[in-house]
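Undergrad: Okay, predicted coordinates and the sequence, questions at the end:
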Amino acid sequence: MNLISHSKDALKVINSAVNAALDEDIGTGDVTAASFSNNETASAKVICREEAVLCGQQWFELAFYKLDPEIAINWKLNDGDQLEKSSTVCSLSGSAQAILTGERTALNFLQTLSGTATKTKIYVDRIAGTNAQILDTRKTLPGMRYAQKYAVRCGGGKNHRMGLYDAILIKENHIATAGSISKAVNEAKQQYPSIKLEVEVENADQLKEALSTQTDVILLDNFSLSELENAVAITDGKKKLEASGNMTLENIREVAKTGVDYISIGAITKHIQAVDFSMRFK
């Protein structure tokens, strides 16, 4: 079992995701694996074909346990661990029919979440030694929000808000609707005084206005490096600053060195490449 625990509510989300994934794959029944009797057993192992960060154990396990709770899974590593090329990740034994039927669903979760964790770690490593932290965004695969945000944590990143319900982020269109940054922030604080509030700004004038409000964090949208440095100087530690927009592996370290507190990157959850895992029967 993985070392990073999940709450009861999170387990419900995981359960729902696995149910949906199995349902779309199995449908009315696995007509290929049906040729094997329920009594036949098999052993298999999962191999990682490249260097990666492991993530998705709970999803992987549940995909098999829902088909046969007696399947035995022995992990060699835990979520968040670094995988070497050609390393054995886990071994399985139990119903041949259940292992064959659950194989693709289980591996889909493992390859996608490990891909997210691996990409996150690359960004985290790139800014090592600075005071900035890598944040995710809401740009996640539909139905995989919790899973991918968990993967970000496994890769060493931090989570931004989970959704529209647990934090306030006032962006350009909210400001336009309200009439000003100050009005948008004041109205939001009056309605939800205890919820963390962040406001997006696009220039130094908006930054100065945001600094006079009760916002907790200010998001600097598409600021150049010199503009980021100026924003850090103007803010002088009064508010936390988040940089966002066109962040790449090529410029991320220079952004971190400007002194911002956070850097949010949509690419770690939307521009991902699945890690190459394969299952081999013994």
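TA: Good, I have the coordinates. Numbers count the residues shown, from 1 in each chain.
Undergrad: When you work out contacts or count neighbours from here on, use the C-alpha atoms and nothing else.
TA: Noted.
Undergrad: Flag every buried residue along the host helix or strand of Gln206.
TA: Using DSSP states H and E, Gln206 sits in helix 204-211. Across helix 204-211, burial judged by 16 or more other CA atoms under 10 Å covers 204, 206-207, 210-211.
Undergrad: Tell me who's in contact with Glu242.
TA: Glu242 makes contact with 217-220, 260-264 under the criterion CA atoms under 8 Å, 6 or more residues apart in numbering.
Undergrad: Now the one helix or strand it maps to - C-alpha only, PDB.
TA: Glu242 belongs to strand 240-244 when elements are defined using DSSP H and E. Included here for strand 240-244 are C-alpha records, laid out as PDB according to Å, rounded to 0.1, in the frame of the first residue of the first chain:
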ATOM      1  CA  LYS A 240       2.200  36.200  -1.300                       C
ATOM      2  CA  LEU A 241       2.800  36.300  -5.000                       C
ATOM      3  CA  GLU A 242       2.100  33.700  -7.700                       C
ATOM      4  CA  ALA A 243       3.500  33.800 -11.200                       C
ATOM      5  CA  SER A 244       1.500  32.300 -14.000                       C
END
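Undergrad: C-terminal to it, what's the next element?
TA: Sequence-wise, the next helix or strand downstream of strand 240-244 (DSSP H and E) is helix 252-256.
Undergrad: in that next one, what counts as buried?
TA: Buried residues in helix 252-256, counted by 16+ other CA under 10 Å: 252-253, 255-256.
Undergrad: any idea where the strands of the chain begin and end?
TA: Remark: strands assigned in the chain by DSSP state E are 41-48, 52-53, 72-75, 82-83, 87-95, 133-135, 168-170, 197-201, 217-221, 240-244, 262-264, 277-281.
Undergrad: and the strand holding Glu242, what's its mean pLDDT?
TA: Here strand 240-244 scores 98 as its mean pLDDT.
Undergrad: do the same with stretch 129-144
TA: Stretch 129-144 comes out with an average pLDDT of 96.
Undergrad: got the end-to-end distance for that stretch?
TA: Taking CA to CA, to the nearest Å, stretch 129-144 runs 31 Å from one end to the other.
Undergrad: Distance from the chain centre to that stretch, please.
TA: Relative to the centre of its chain, stretch 129-144 is centred 6 Å away, using CA atoms, centre = their mean, to the nearest Å.
Undergrad: Ser16: which of the strands of the chain is closest?
TA: With CA to CA, the closest approach to Ser16 among the strands of the chain belongs to strand 72-75: 21.1 Å.
Undergrad: What ranges in the protein fall below the confidence cut-off?
TA: Filtered on pLDDT under 70, the chain yields the residue ranges 1-5.
Undergrad: hey, where'd the helices end up in it?
TA: Using DSSP state H, the helices of the chain run over residues 8-26, 57-65, 96-126, 145-154, 172-178, 181-191, 204-211, 225-235, 252-256, 267-270.
Undergrad: Adding distance to Arg280, write those out as TSV.
TA: TSV is the format used below for the helices of the chain (distance: least, CA to CA, whole Å):
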stretch	distance to Arg280
helix 8-26	20
helix 57-65	16
helix 96-126	10
helix 145-154	25
helix 172-178	51
helix 181-191	54
helix 204-211	56
helix 225-235	49
helix 252-256	39
helix 267-270	28
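Undergrad: Can you say which of these is nearest to Ala42?
TA: Using CA to CA, the helices of the chain put helix 96-126 closest to Ala42, at 4.8 Å.
Undergrad: who's in contact with the closest residue in space to Val199 that isn't next to it in sequence?
TA: Closest residue in space to Val199, ignoring its immediate chain neighbours: Ile170 at 4.6 Å, by CA to CA, 6 or more residues apart in numbering. The contact partners of Ile170, by CA under 8 Å, 6+ apart, come to 184-185, 197-200.
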